[in-house]
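Colleague: Take a look and give me a structure for this.
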Amino acid sequence: NGYFFVYYTTRERPHMSVISRFSSIKGTRVDLGSELKVLEIQQPFWNHNGGTIVFGPDGYLYVALGDGGKANDPLGSGQDVSTLLGSVLRIDVDKTSTTTPYSIPADNPLVERSEARPEIYAFGIRNIWRMALDRKTGDLWAADVGQNEWEEVNLIRAGGNYGWNQREAAHPFTLAG
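Modeller: Have a look, this model is predicted:
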């Protein structure tokens, strides 16, 4: 369809992560005037704002968001499903809703929970820096940055809680490290 999507942070509004859609010009150049900001996420701190996006075999866009920064997840974002931070989101960018330029897949795992953001596919994430899909199985893999001792490679599943900030990989997380 000539669209492509990017994830970036901006200086216009400090600590903002943006997922945008752009159009190409004859498939070879970017039409910078075509930007549609699909999702903007206010970040509380300057770090853990990195992320990655991939399209799944289901056609939905998967977005990895860090916990918002600082050591130890001081806001508890990893375990708080009322915020998009510390999560992997799953959104339909081919359909809009009345309030957003995307829609929520009906089978997202937290869609029926009133206290949860329906975009959330998985949570308990510290700061995923890369995701990849297994072409044969469709499995979604994610590399999550550890804090003190343990890095993680996770197989992301619908509704999965990956433990941050209660766990760091398969180990209990402690402030002492």
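Colleague: which stretches of this protein have low pLDDT?
Modeller: Within the chain, the stretches with pLDDT under 70 are 12-13, 176-177.
Colleague: now the helices for it?
Modeller: Ranges of helices within the chain: none, based on DSSP state H.
Colleague: centroid residue for it?
Modeller: Against the mean C-alpha coordinate of the chain, by CA atoms, centre = their mean, the closest residue is A64 at 2.2 Å.
Colleague: For that one, which non-adjacent residue is closest in space?
Modeller: Spatial nearest neighbour of A64, excluding adjacent residues (CB to CB, 6 or more residues apart in numbering): I128 at 3.7 Å. All C-beta atoms are positioned from the backbone trio N, CA, C, and that covers glycine.
Colleague: on that earlier part again, I'd assumed V88 was in contact with the residue nearest to the centre of the chain.
Modeller: Yes. Counting by CB atoms under 8 Å, V88 is a contact partner of A64 at 5.2 Å.
Colleague: what touches both of the two?
Modeller: Common contacts of A64 and V88 (CB atoms under 8 Å, 6 or more residues apart in numbering): I125, I128, M131, A142.
Colleague: If you rank these by neighbours, which is first?
Modeller: I125 (29 neighbours; other CB atoms under 10 Å).
Colleague: ok, back up a step: out of the shared contacts of A64 and V88, flag the one nearest to N165.
Modeller: I125 (10.2 Å; CB to CB).
Colleague: which non-adjacent residue is nearest the closest one?
Modeller: G86 (5.0 Å).
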